[in-house]
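1. Please work out how this folds:
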Amino acid sequence: MTPILYTLGVVTFVVAILVSIGLHEFGHLIPAKRFGCKVPQWFIGFGPTVWSRQIGETEYGVKAIPLGGYVKIVGMLPPGAAELVEETTYDEDGEPVHKVRRSNTGMFTQLISDARAAEWEYVKQHDTDRLFYRLPWWKKAIVMAGGPMVNIAIAFSLFVLLFATYGNPRDEIVEPTVAAVPACVIPVEEMPRDCTSDDPVTPAKEAGLRPGDEILSFNGTPFTDWESLQAQIRDNADGDAVIEVRRGEEQLTLRTNTTVTLRQTSLEDENLTEVGFLGVQPETSLRTGGLLYTTEQMGTMTVETVQALGQLPVKVYEVGRAVVGLQERDPDSPVSIVGGGRFAGEAAASEEFPLVDKLVTLLFLIASFNFFIGMFNFVPLLPLDGGHIAGALYEGLKRGVARLRGRPDPGHVDVAKLLPVAYVVGLAMLVMGVVLIVADIVVPLRLS
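-> Residues are numbered from 1 along each chain as shown. Coordinates of the predicted model:
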C-alpha cells in the first residue's frame with residue numbers, strides 16, 4: 001500500500017503543477033486574443049508533440065518533456081531598423097507570407113536576425129495589424145503579467161482555504177497553558193533521551209505543575225505572551241519562583257526554584273547560554289485567518305521570496321557542491337519539481353500523517369510552488385515574463401516623456417536587442433534546473 005500511496009502523491013503533485021503551468025499560459029493567451037493578437041500555439045511541455053488539437057487558429061497540445069510550457073504570440077519582436085526590407089513569399093495555400101530580409105554582421109546580430117525571421121514565419125499579409133509589438137504598452141504589460149498572476153492567484157486561493165480552515169504552520173500561537181511537564185532536566189547536547197536516576201527533577205515537576213494548568217503570573221508579574229514569560233524564567237537564574245495558575249475552577253499558588261542550564265536563547269542562535277529553567281511545554285495551535293490575514297502573510301512571503309531569488313545562484317552552487325560530495329546539502333536549499341514530488345510522495349505514504357495532514361501538505365506544496373513560479377517569472381530579465389513587462393513599461397515611459405516634452409513618438413521598444421541577455425539567462429536557468437533535478441535524485445531532501 002505504501003508504494004501505491006507514494007506514487008499517488010507524486011503523480012498528484014506533478015499533474016497539479018502541469019495544470020498550473022497550463023493555466024499560466026492561458027493567463028497570456030486569453031488577454032492576447034482579447035486584444036486581437038494572433039496566437040497559433042498553446043503547449044504544456046517541450047520537445048516532440050505527444051498530442052495536439054487545432055481549435056480555431058490555435059493549436060493546443062502536450063509535449064514530451066513536462067518541464068514547462070509556452071504560448072506562441074505572433075509578433076513579439078518588431079523588425080529591426082537595419083532589417084526593415086521585407087520579402088513576400090507564398091505558403092502552400094497560396095497565402096502571402098512576410099519575411100524579414102537578414103543582414104548578418106556578427107554572432108549576436110545573426111541571433112537577433114534569426115529570431116526576428118522566426119517570428120515572421122507565422123505572419124501573413126492580413127495579420128500585420130495583429131502583431132504583439134504593435135499593442136499599446138499597457139496591453140503588452142497585461143498580456144505578459146497575466147501568466148504569473150494566474151500562479152499567484154492559484155497560490156492565494158489555496159492559502160486562503162488552508163489558513164481559514166487548517167491554520168498556518170508558519171504562524172503558531174503559543175498558549176500560556178501547560179501541555180506537558182518533563183520529568184527531569186536533560187542537558188541539551190544529550191537530547192533526546194529518557195530520564196535517568198542521575199538527572200535532576202525539573203522545577204516545574206517539583207512545584208506540582210500539571211498539564212492543563214493555565215499560568216497567570218510569574219513572581220507576581222503578569223505576562224502578555226509566552227515569550228515574555230519565557231524571558232522572565234530565563235532571567236530568574238536559580239532564584240525563587242512563585243507561579244500563579246488556574247486549574248479548573250481553582251486558582252493556585254505554586255512555589256519552587258528555577259535551575260540554571262544551557263539552552264539556545266532563540267531558534268536562530270545556535271550558541272548555548274546558561275539561563276534560568278523551569279521545565280514546562282506550552283500548548284500550541286496554528287493561527288487561522290481569512291482574506292486579510294492571507295494577504296498579510298503573502299506580503300511577508302513576497303519579501304522572503306525576493307530575498308531568496310537574489311540568493312538563488314549561490315544556493316544552487318552550494319547544491320552543486322553537495323551533489324559532488326564537497327559539502328552537506330542545506331535543508332533549506334531550493335528543490336526542483338522532482339524534489340516537490342518526493343515531498344508529496346513521502347507525505348502521502350507516511351504512516352505518521354493522518355489523512356487531513358497528508359492533504360494539507362500536498363496543498364501547501366502546490367500553493368508554494370505556484371507562488372514561487374509566479375514570483376520567479378516577474379524577474380525583469382528576458383526570456384522571463386518580467387523582461388517583457390519591463391520592456392513594455394520602458395516603452396510607456398519613453399513615449400510619455402516624449403509627449404510631455406513635445407517630441408516625436410520614439411516608437412516601439414525593441415526587446416530583440418536584449419536577446420543575447422535572454423540566451424545567457426536561459427542557459428543559466430537550464431543549468432540551475434539540471435543541477436536541482438540531479439540533486440533531488442542524488443542527495444534528496446526529506447520531508448521533516
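2. can you map out the helices along the stretch 201-350 of the chain?
-> For the stretch 201-350 of the chain, the helices defined by DSSP state H, counting those that start in this stretch occupy 203-207, 226-235, 291-323, 337-349.
3. which one of those helices lies closest to residue 161?
-> Shortest distance between residue 161 and the helices of the stretch 201-350 of the chain, using Cβ to Cβ, is found for helix 291-323: 9.3 Å. C-beta coordinates here come from the backbone N, C-alpha and C atoms, glycine included.
4. Which elements pack onto that closest one?
-> Counting contacts by 3 or more Cβ pairs under 8 Å, 6 or more residues apart in numbering; DSSP states H and E, helix 291-323 is packed against helix 137-165, strand 168-180, helix 355-377, helix 419-442.
5. residue ranges of the helices in the stretch 1-150 of the chain, please?
-> In the stretch 1-150 of the chain, helices defined by DSSP H, counting those that start in this stretch lie at 2-34, 107-120, 137-165, listed in chain order.
6. buried set for the longest one?
-> Read it as helix 2-34. Within helix 2-34, the residues that count as buried by 16 or more other Cβ atoms under 10 Å are 5-6, 9-10, 12-14, 16-18, 20-29, 31-33.
7. what's the average pLDDT for it?
-> Mean per-residue pLDDT for helix 2-34: 93.
8. now do the shortest one
-> Model confidence over helix 107-120 averages 63 on the pLDDT scale.
9. Could you do stretch 416-430 as well?
-> On average, stretch 416-430 scores 86.
10. Same check on stretch 235-250?
-> Across stretch 235-250, pLDDT averages out at 89.
11. now do the same end-to-end measure for that stretch.
-> Stretch 235-250 has its terminal residues 28 Å apart, counting by Cα to Cα, to the nearest Å.
12. just stretch 206-216 next, same as before
-> One end of stretch 206-216 sits 18 Å from the other (Cα to Cα).
13. Outside of that stretch itself, list whatever touches it.
-> Contacts to stretch 206-216, defined as Cβ atoms under 8 Å, 6 or more residues apart in numbering, come from residues 176-181, 222, 229, 241, 243-247, 251, 254-256, 280.
14. same thing but 6 Å
-> Residues outside stretch 206-216 that contact it (Cβ atoms under 6 Å, 6 or more residues apart in numbering): 176-178, 180-181, 244-247, 254, 256.
15. So for it, what gets flagged as buried?
-> 206-207, 209, 213, 215.
16. what is the mean pLDDT for it?
-> Stretch 206-216 comes out at a mean pLDDT of 90.
17. swap in stretch 302-315?
-> Average pLDDT, stretch 302-315: 94.
18. now it, how far from the centre of its chain.
-> 10 Å (Cα atoms, centre = their mean, to the nearest Å).
19. hey, C-alpha coordinates of it in PDB?
-> What follows is stretch 302-315, C-alpha atoms only, in PDB (Å, rounded to 0.1, in the frame of the first residue of the first chain):
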ATOM      1  CA  THR A 302       6.900  38.100  -1.200                       C
ATOM      2  CA  VAL A 303       9.700  39.800   0.700                       C
ATOM      3  CA  GLU A 304      11.200  36.400   1.600                       C
ATOM      4  CA  THR A 305      10.900  35.100  -2.000                       C
ATOM      5  CA  VAL A 306      12.600  38.200  -3.400                       C
ATOM      6  CA  GLN A 307      15.400  37.700  -1.000                       C
ATOM      7  CA  ALA A 308      15.600  34.000  -1.900                       C
ATOM      8  CA  LEU A 309      15.700  34.900  -5.600                       C
ATOM      9  CA  GLY A 310      18.600  37.200  -5.000                       C
ATOM     10  CA  GLN A 311      20.500  34.300  -3.300                       C
ATOM     11  CA  LEU A 312      19.300  31.600  -5.800                       C
ATOM     12  CA  PRO A 313      22.600  31.400  -7.800                       C
ATOM     13  CA  VAL A 314      24.600  31.000  -4.700                       C
ATOM     14  CA  LYS A 315      22.200  28.400  -3.300                       C
END
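20. returning to that earlier point: filter the contacts of stretch 206-216 to the buried ones?
-> Buried by 16+ other Cβ under 10 Å: 176-178, 181, 244-245, 254, 256, out of the contacts of stretch 206-216.
21. which pair in the residues you listed spans the largest distance?
-> Among the buried ones among the contacts of stretch 206-216, the pair separated by the greatest distance (Cβ to Cβ) is 177 and 256, at 18.4 Å.
22. Include distance to residue 237 when you put the contacts of stretch 206-216 into a markdown table, please.
-> A markdown table is the format used below for those (distance: Cβ to Cβ, whole Å):
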| residue | distance to residue 237 |
| --- | --- |
| 176 | 22 |
| 177 | 25 |
| 178 | 22 |
| 180 | 24 |
| 181 | 21 |
| 244 | 20 |
| 245 | 22 |
| 246 | 26 |
| 247 | 27 |
| 254 | 19 |
| 256 | 13 |
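23. For residue 43, which of the helices of the stretch 201-350 of the chain is the nearest?
-> helix 337-349 (17.2 Å).
24. what's the nearest residue to the residue nearest in space to the middle of the chain if we skip its chain neighbours?
-> Per Cα atoms, centre = their mean, the C-alpha nearest to the average position across the chain is that of residue 372, at 2.4 Å. In space, residue 372 comes closest to residue 305 once its chain neighbours are excluded; the distance is 6.4 Å by Cβ to Cβ, 6 or more residues apart in numbering.
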